[in-house]
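Undergrad: Sequence first, predicted coordinates after that:
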Amino acid sequence: MSRIYVRSFRRREGEKVVAVLRHSRDVIAVRRAEIVLRSSQGEDPNSIAGALFFSADYVRKVIHRFNDEGVASLQAHYANGGRPKTVQPEHESELIDLALTPPNLTGLPFTHWSLEKLRDEAVARRLIPPVSIETVRQILRAHRISLQRTKTWKQSTDPDFEVKKTPSKGSTGPRSRGAKP
């Protein structure tokens with residue numbers, strides 16, 4: 001198997017690789033710069049892999065990419081992975097409009113939105129596709145809208161509640177200042 005090495009640097013490339021190694025906060029770029037510099041000093045991929053705790057295949061891949069792309073290959077290339085967004089910008093604007101409208105003006109029997117109620121109403125009106133409450137929260141947060149947690153106040157059904165609610169002043173006598181308990 002033939003050994004692979006990094007091609008010879010142009011002066012600017014060498015300076016940039018050293019700058020990445022010394023000053024970059026991107027751990028991936030720093031580790032790749034280490035591989036490239038060690039290879040440029042004549043170290044073979046197997047010994048680089050052993051010293052830096054990488055696989056020899058990864059070291060070869062980094063060297064090949066540097067030979068093809070130059071210093072740009074040191075930076076991490078993150079893919080936009082994950083599921084595509086289900087809520088489009090036009091859906092977002094409809095949701096925002098609904099969130100800024102008081103629920104009682106839309107014919108609902110409450111005065112403040114909760115995330116769950118807002119999501120349920122927006123889905124029922126087909127303003128947005130079915131989404132999680134967290135998705136609704138993130139959309140609102142991106143538009144700097146926060147829904148406050150609603151507080152419920154309950155009344156007692158006890159007919160003597162008003163009498164019991166007031167403090168009973170006559171049940172205990174006043175305590176004298178000098179007396180010990």
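TA: All right, it came through fine.

Undergrad: For the residue positioned nearest the centre of the chain, what is the enclosing helix or strand?
TA: Nearest to the mean C-alpha position of the chain, by C-alpha atoms, centre = their mean, lies Gln138 at 9.4 Å. Take DSSP states H and E as the rule and Gln138 turns out to sit in helix 133-142.

Undergrad: Repeat that for Glu90.
TA: helix 89-100.

Undergrad: buried set for that helix?
TA: His91, Glu92, Glu94, Leu95, Ile96, Leu98, Ala99 (16 or more other C-beta atoms under 10 Å). Just so you know, the C-beta spots here come from the backbone N, C-alpha and C atoms, and that holds for glycine as well.

Undergrad: related to what we said a few turns ago, if I look at the residue nearest to the centre of the chain, how far off is Val87?
TA: Relative to Val87, Gln138 is positioned 9 Å away (C-beta to C-beta, to the nearest Å).

Undergrad: And the closest residue in space to Gln75 that isn't next to it in sequence, how far from Asn46?
TA: Of all residues not flanking Gln75 in the chain, Ala29 sits nearest, at 5.5 Å (C-beta to C-beta, 6 or more residues apart in numbering). Ala29 sits 23 Å away from Asn46, going by C-beta to C-beta.

Undergrad: Looking at these two, which has the bigger crowd around it?
TA: Ala29 (18 against 13; other C-beta atoms under 10 Å).

Undergrad: Residue ranges of each domain in this structure, please.
TA: 11-74, 89-142 (automatic domain parsing).

Undergrad: right, so those: which one is the most enclosed?
TA: domain 11-74 (a mean of 16; mean count of other C-beta atoms under 10 Å).

Undergrad: distance between the ends of that one?
TA: Domain 11-74 has an end-to-end distance of 17 Å (C-alpha to C-alpha, to the nearest Å).
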